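Q: when you get a sec, could you give me coordinates for this:
(chains A and B)
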Amino acid sequence: MIPDSLRVALADPDAEVRRRAVIALEGTLDEDTASLVIAALGDADWRVRKEAVRVAATVSVSEVLFDALVSAITQGENVGLRNAALEVVGRRGREATEPLLAALRHSAGQGRKFVVEALGDTGDPRTVPELARLTDDADPNVAAAAVDALGRIGDPEAQRALLGCLRASDVFQRLAALDSLERMGAVVPWQALEPLLDDRVVGRVAVPLLGRCGDAAAVSHLFQAIDRPSPHLAAGAAVALGQLRGAGREAADAVSRGAAELGVEARSVLRQLLADADTPTRHACAQLLLLARDAQALAGVVALVVEQGLPAALLDAFRSWGQPAVDPLLELHKSASGIVRGAALEIAADIHAGAEQQGEPVDPGLTKRVHVSVRAAMSDSDAVVVRSALRSLVWFVEPEDARSLEALLTGADGQLAAACAEALTALASKAPAVVRDTLRPTPLQGAAGAALIPIIVDVGGDDVMQRLQTALSAQDPETRRAAIRGLTGIGGTPACQHIAFALADDDVDVQIEAARALGELRDSTGRSLGADHLLLALESDSPAVRAAAARALGKTGDGRAIERLRELVREDSPGVAVAAMEGLRALSDPTLGDLLVELLGHDDPEVVKQALRAIRESSDSRMAGRLALALEHGAWDVRCVAVELLRDVGTPEANRALSARAAHETDDLVRAAIEEALAGGGNP
Amino acid sequence: MSILLDSGPKLHRNEFRLIRDLINRFCGIAFQDDAMFLVERRLRERLTALGLRDYSEYYQGLRYHPNAQNELERAVELLTTNETYLFREQYQLDAFMEEVLPGLRYSAERRESRRLAIWSAGCSTGEEVYTLAILIAHTGLFEGWEVRIFGNDISRSVLVTARRAIYGESSFRAMPPEYSRYFVEVAEGRQVHPRIRAMCSFGHLNLMAGDRAAIVGKVDAVFCRNVLIYFDVASRGEVITTFYDRLLPGGYLLLGHSESLLNISTAFELVHLSSDLVYRRPDSARGSSKREE
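A: Sure thing, here's the model as predicted:
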């Protein structure tokens, strides 16, 4: 029963009062009062209408409500009401199918068109046969609405019906079908698209579908589209060409040939899009311009790489340009500023080095220009450029660079130190003694300390152990952690003792590093050196250290840890429980069975995933059934792991469980994993 | 690591989804599937810095490490671009100065208050905060009032830049010359005048931490421009509810030019200004809710 005050509020002149009244209707609505929410769907204020849509979409199913919604959809006066009713239908989905199909039988004119639109909003594949029939309707508006609705249903049957519409005599019908197919992400074969391209307007709409058709024959049409005076069309064509380039050798070669022949105007359009368009279009334009060897585009392409990184397609386009790109990039390095200047140098050096590694003949003059530019940039005033130079130096670093590199390390921040270390690592592989002597006086602390320790261990020397011991007392935890890693590389009982002290470090990350290291250390017979220390570390106050120790104990193979790890699995901290499970799995605890079943109900998906993996490793005859239970888990990632493990099991029982889940799995990743598992037939 | 020969750990799709969902739950920012490459590239330096082998280990760290919250903040910093500049979207600032500010003064006076509070939500390196402070000072409407502009961001490093208040030339590309007097030349660029800086304060705040937003207090206007674009619909709804709670009745919400509350909230009314559309928390006392489309 709706209070009178609410009825009054729904008619109040103040929109805010009406909106609040609609919110108050929620939960009190019944069949008798559904008319109130329908009336609110036609309110003059959008806020009231939107609120009414939300309420109408959540109230329990009501025949009266649907009848009223259908009336609202078919009426002609109040556009706001109709749009709101369509939105409610869209939200209610399949529930609205039957009332709408019934309404279709006795509505006419505009009303019929609106019902067809609403059928599309339901997203219900059961509507496809009726919609497919309506694509031939005598009323062209109804036929067009049916094509559009099929596109929104998006099911394979709807796609088949739309492919049929591509052969329609009416050009608008063909256009609408193309548009719908494009929106549903359909792959339409070239043979179905080719006959449409004679019509210029239809050809424009077909551009995105041409990109997905995978056929080299579509390439020339797309390059023609770039030549037309429409940046929007050119953008679509560029993206489509980028997709075709990834569709196989023949199409890729056709795209490369077409790009090489791009005219002045087309290049200019692509450069503009490279600067202004959205990211996928910018990537596509960059690819085409690189294939076209367009030096004027390099600044824009490098800026894009700096901003967005370098996807494989763009990398491949750079490589296809090859050595001739190096000089233009060095020019850009001279003229650009900041990070683009550095990146241009780095790319030039990479391409040059790549050519040398491939055994291509390289012009010595070009090599000299690259080397001179890189070494000059090492003393640039911009730190970004210096880092790029150091990363480039990796390809051709020589012993005479050692002093410059060491000098740069003084006061270096983390990024600069890491770049110096890369160059020094490369040099160490050529001239270890030079690096050893150069770094002997360098203090191991700060960013440089952490970066240099792996190199110092690598080049060796009689003072390494002492230097690492000193580094364990460095002020910064990064260096202390690096020292632990260095000591692990050296190994042996003395190293183990030093690392064990680090379990008492004041920094938790140093303690974690120490625990990890202790799990790896072995004596000459392969026996763990760190297990005793790790058993003590399991009692640490820090859950993160207990977790690290639990994992590390798994690597030691020491069965003494099993009992304590079983206790830790039941800890409140899920991080510790996950690590303890990992430890127990590694130790092949033979008595895990019941505990694993218990853990399948754990709140944390990571714990459940570990339990599933342990179940898979067990020899329990109920294994597949237990794994199948996890296919109903609420977390997609748990279901994904269950699918992977069942695929690995590969028995008929496992496949039956996967097939059953496939019928109602909604997550795209899990669905794909199930389909792959079933297609592969599991593990033989 | 070479730019072209990229050889670091690879981010697998499952790992991407786990990390993406974690970040979404943490701060509402949502990445689409096509951002996987970007996420792989930008987070790789964290794997190197933390000595981790792969993104699964990084995910575990984001879940269970004692400093997980700090690491999540660092990840968000790396994944979101913060580039902004002074006097961005001039048409909106004109509307703010010429129509919103006089309205706010009138409303405050009606409440017998001489206090003006503005919140710049997701303020990045502070340009918007100082722009608003300069505009308020420039109008002269609030001389002798208690004026406070509060900027927040989830990234601590951008707040350091905001508090320094020193900007390079590119930050001034849209600033009309008459506002130059609100800056002083320093070695690294131009610094906001101390009088303007005194009106501004900054804080570290996750917009999804609804209760913590109470530290902002009640405000007359919220600027949240080009921030909600990073959020998914549900998170936008939560953030908008926070703004509603923080705004005084009749207070304004200003979004970026491509952002709206369509399908997010009906709680605000749309106000047509001469050069912009803005949202306002309804003020029943004013009886302002005329029927607006």
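
Q: tell me where the stretch 51-200 of chain B has strands.
A: B:115-121, B:146-153, B:166-167, B:183-186, B:189-192, B:200-204 (DSSP state E, counting those that start in this stretch).

Q: name the helices or strands packed onto the third one?
A: Applying 3 or more CB pairs under 8 Å, 6 or more residues apart in numbering or on different chains; DSSP states H and E, one finds that strand B:166-167 contacts strand B:189-192. From N, CA and C alone the C-beta is placed, and that goes for glycine too.

Q: contacts only, for residue 204.
A: You didn't say which chain, so I picked chain A. When contacts are counted by CB atoms under 8 Å, 6 or more residues apart in numbering or on different chains, residue A:204 touches A:225, A:230, A:233.

Q: I was thinking of chain B, sorry if that wasn't clear
A: So residue B:204 contacts B:152, B:153, B:154, B:156, B:159 (CB under 8 Å, 6+ apart).

Q: same thing with residue B:240?
A: By CB under 8 Å, 6+ apart, residue B:240 lies in contact with B:253, B:261, B:264, B:265, B:267, B:268.

Q: sorry, back to before: wait, which of the contacts of residue B:204 is closest to residue A:592?
A: Residue A:592 lies nearest to residue B:154 out of those, by CB to CB, at 41.4 Å.

Q: quick one: that closest one and residue B:28 touch, right?
A: No - Residue B:154 is not in contact with residue B:28 according to CB atoms under 8 Å; the separation is 9.5 Å.

Q: what's the overlap in contacts for those two?
A: Common neighbours of residue B:154 and residue B:28, using CB under 8 Å, 6+ apart, are residue B:207.

Q: redo the strands of the stretch 51-200 of chain B as a markdown table? Include distance to residue A:519.
A: Shown next, in a markdown table, are the strands of the stretch 51-200 of chain B (distance: least, CB to CB, whole Å):
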| stretch | distance to residue A:519 |
| --- | --- |
| strand B:115-121 | 46 |
| strand B:146-153 | 40 |
| strand B:166-167 | 48 |
| strand B:183-186 | 52 |
| strand B:189-192 | 51 |
| strand B:200-204 | 37 |
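
Q: among those strands, which is nearest residue B:62?
A: Of the strands of the stretch 51-200 of chain B, the one closest to residue B:62 (CB to CB) turns out to be strand B:200-204, at 18.6 Å.

Q: circling back: which one of the strands of the stretch 51-200 of chain B is the most hemmed in?
A: Of all the strands of the stretch 51-200 of chain B, strand B:115-121 has the most neighbours on average by mean count of other CB atoms under 10 Å in any protein chain shown, namely a mean of 24.

Q: output the contacting helices and strands for that one.
A: Using 3+ CB pairs under 8 Å, 6+ apart: strand B:115-121 touches helix B:101-110, helix B:127-139, strand B:146-153, strand B:219-224, helix B:233-246.

Q: mean pLDDT added to these, as TSV?
A: Below are those laid out as TSV (pLDDT from 0 to 100):
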stretch	mean pLDDT
helix B:101-110	94
helix B:127-139	97
strand B:146-153	96
strand B:219-224	96
helix B:233-246	93
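
Q: mind listing what the residue in chain A positioned nearest to chain B touches?
A: Of all residues in chain A, residue A:575 sits closest to chain B, at 2.7 Å by CB to the nearest CB. Residues near residue A:575 by CB under 8 Å, 6+ apart: A:543, A:544, A:547, B:60, B:63, B:64, B:65.

Q: output those residues in TSV; the columns should cover neighbour count.
A: Below are the contacts of residue A:575 laid out as TSV (neighbours: other CB atoms under 10 Å in any protein chain shown):
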residue	neighbour count
A:543	21
A:544	23
A:547	29
B:60	20
B:63	17
B:64	20
B:65	21
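
Q: pLDDT-wise, which helix or strand of chain A ranks last?
A: One helix or strand of chain A scores below all others by mean pLDDT, DSSP states H and E: helix A:63-74, with a mean of 79.

Q: contacts for it next, please.
A: Contacts for helix A:63-74 (CB under 8 Å, 6+ apart): A:31, A:34-35, A:37-38, A:41-42, A:56, A:59, A:78, A:81-82, A:84-86, A:88-89, A:95-96, A:99-100, A:103, A:107, A:110-112, A:114-115, A:117-118.

Q: same thing with stretch B:93-112?
A: The contact list for stretch B:93-112, computed with CB under 8 Å, 6+ apart, reads B:87, B:114-116, B:131-132, B:135-136, B:138-139, B:141-142, B:145, B:220-221, B:248, B:250-252, B:254, B:273-276, B:278, B:283, B:286.

Q: now with 7 Å, please.
A: For stretch B:93-112, contacts defined as CB atoms under 7 Å, 6 or more residues apart in numbering or on different chains pick out B:87, B:114-116, B:131, B:135-136, B:139, B:141-142, B:220-221, B:250, B:252, B:254, B:273-276, B:278.

Q: again with stretch A:482-491
A: With CB under 7 Å, 6+ apart as the contact definition, stretch A:482-491 has outside contacts at A:449-450, A:453-454, A:457, A:464-465, A:468, A:471-472, A:495, A:498-499, A:502, A:513-514, A:517, A:520-521, B:51.

Q: quick revisit: pLDDT score for the nearest residue to the residue of chain A closest to chain B once chain neighbours are set aside?
A: Of all residues not flanking residue A:575 in the chain, residue B:64 sits nearest, at 2.7 Å (CB to CB, 6 or more residues apart in numbering or on different chains). At residue B:64, the model reports a pLDDT of 92.

Q: could you measure from residue B:64 over to residue B:57?
A: According to CB to CB, to the nearest Å, residue B:64 and residue B:57 sit 11 Å apart.

Q: can you check residue A:571 too?
A: Separation of residue A:571 from residue B:57 (CB to CB): 20 Å.

Q: point out where the chain drops to low pLDDT.
A: All of this refers to chain A. In the predicted model of chain A, residues A:1, A:29, A:31-32, A:60-62, A:681-684 satisfy pLDDT under 70.

Q: um, chain B though
A: B:1-7, B:81-83, B:284-293.

Q: identify all contacting residues around the longest helix anywhere in chain A.
A: The longest helix of chain A (DSSP state H) is helix A:338-357. The contact list for helix A:338-357, computed with CB under 7 Å, 6+ apart, reads A:299, A:302-303, A:305-306, A:318-319, A:322-323, A:325-326, A:329-330, A:332-333, A:336, A:362, A:366-367, A:370, A:373-374, A:377, A:382, A:384-385, A:387-389, A:391-392, A:395, B:2-5.
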